[in-house]
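This is a predicted model, with the sequence first.
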Amino acid sequence: MISKSAETTRSPLFEVTRVLARFHHDPMKIPTQFITAITQPATTSFLARPVILLLLSFSAGLASMQPCAATPFEWEYTGSLKTARFHHTATLLPDGRVLVVGGEQGHTPLASAELYDPATGTWSATGSLNTARDSHTATLLPSGKVLVAGGRETDPGPSLASAELYDPATGTWSPTGSLNTARLYHTATLTARSSSRAEAKPTSIQRARNSTIRPPVAGLQPAASTQGGYSIQQLF
């Protein structure tokens, strides 16, 4: 335990260390609190006075410093949806915007959709679904369009089999093929499609059956081939 007399003889270096430690643990403190923390131990040391003045200047400079907008492991507020909803979907588009579709408000499924722009932190309305729905799926396709499928139009109510496509270029929805079975609370997974067609290669036996072996003709030389066969011109 430090005595009262010892507190008044703390070195300026001690005060610098103490204040910087407070800033490290709580960078959100306002400069006024730092100034108070610096000046509370009123020392009479001749060297302490210029050090305190330097710390006061440092504290004043903190007024112009703000935490980074993208502070790691922390949340910050951004623009709110135009329409409150739940049981909706949110899909990241190729251009960085986020498409929110459908959902419920007061147990009433919604047809509206909204776009979030991360550059401005704001939401804007976009084309509405042809059929209101919640508890559906939304899948970004390789074309950049978004496939919405299934869900329900009323709550409580039967499941939907219908599906729609959203075009970000026009902000509109168009009907597409329906599910074979109506469903809600389901999943939708984009599967990879091969651009090449796989073909079975014939076996050596099949190649032998499909070929005709002719005896060599006198005076003809084998064609230049790694297989040692004869050219068509030589055999016929």
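It's in.

Helices along this protein, start to end?
For the chain, the helices defined by DSSP state H cover 4-7, 12-25, 31-39, 48-61, 204-209, 232-235.

so Pro158 makes contact with Arg183?
No - applying C-beta atoms under 8 Å, one finds Pro158 not in contact with Arg183, separated by 10.3 Å. (Glycine included, C-beta is placed from N, CA and C.)

quick one: which of these two has more around it?
Set side by side, Pro158 and Arg183 show more neighbours around Arg183, with 18 against 10, by other C-beta atoms under 10 Å.

Could you check the pLDDT of the more buried one?
Predicted confidence (pLDDT) for Arg183: 98.

in terms of contact, does it touch Ser159 like I think?
Yes - taking contacts as C-beta under 8 Å, Arg183 lies within contact range of Ser159: 5.1 Å.

quick revisit: can you tell me which of the helices of the chain the model trusts least?
The minimum mean pLDDT among the helices of the chain belongs to helix 232-235 (a mean of 40).

which residues in the protein form strands?
Using DSSP state E, the strands of the chain run over residues 89-92, 98-101, 104-105, 108-109, 113-117, 122-126, 137-140, 146-149, 163-167, 172-176.

JSON lines for the ones you listed, including mean pLDDT?
Output for the strands of the chain, formatted as JSON lines (pLDDT from 0 to 100):
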{"stretch": "strand 89-92", "mean pLDDT": "98"}
{"stretch": "strand 98-101", "mean pLDDT": "98"}
{"stretch": "strand 104-105", "mean pLDDT": "96"}
{"stretch": "strand 108-109", "mean pLDDT": "96"}
{"stretch": "strand 113-117", "mean pLDDT": "98"}
{"stretch": "strand 122-126", "mean pLDDT": "98"}
{"stretch": "strand 137-140", "mean pLDDT": "98"}
{"stretch": "strand 146-149", "mean pLDDT": "98"}
{"stretch": "strand 163-167", "mean pLDDT": "98"}
{"stretch": "strand 172-176", "mean pLDDT": "98"}
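
could those be laid out in TSV, adding mean neighbour count?
Shown next, in TSV, are those (neighbours: other C-beta atoms under 10 Å):
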stretch	mean neighbour count
strand 89-92	16
strand 98-101	21
strand 104-105	17
strand 108-109	18
strand 113-117	19
strand 122-126	15
strand 137-140	18
strand 146-149	22
strand 163-167	19
strand 172-176	14
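
among those strands, which is nearest Tyr77?
Closest of those to Tyr77 is strand 122-126, at 12.5 Å (criterion: C-beta to C-beta).

In contact with Thr131, which residues?
If you count contacts by C-beta atoms under 8 Å, 6 or more residues apart in numbering, Thr131 has them with Ala111, Glu153, Leu160, Ser162, Glu164.

ugh, wrong one, Glu164
Shown in contact with Glu164 (C-beta under 8 Å, 6+ apart): Leu129, Asn130, Thr131, Leu147, Val148, Ala149, Trp173, Ser174, Pro175, Thr176.

give me the beta-bridge partners of the spatially closest residue to Ala188 that is not a sequence neighbour?
Of all residues not flanking Ala188 in the chain, Thr137 sits nearest, at 3.8 Å (C-beta to C-beta, 6 or more residues apart in numbering). Per DSSP bridges, the residues bridged to Thr137 are Ala149.

Am I right that Thr137 is in contact with Ala163?
No - applying C-beta under 8 Å as the test, Thr137 and Ala163 come out as separate, 9.3 Å apart.

Show me the common contact partners of the two, please.
Here Thr137 and Ala163 have Leu147, Val148, Ala149, Gly150 as joint contacts, going by C-beta under 8 Å, 6+ apart.
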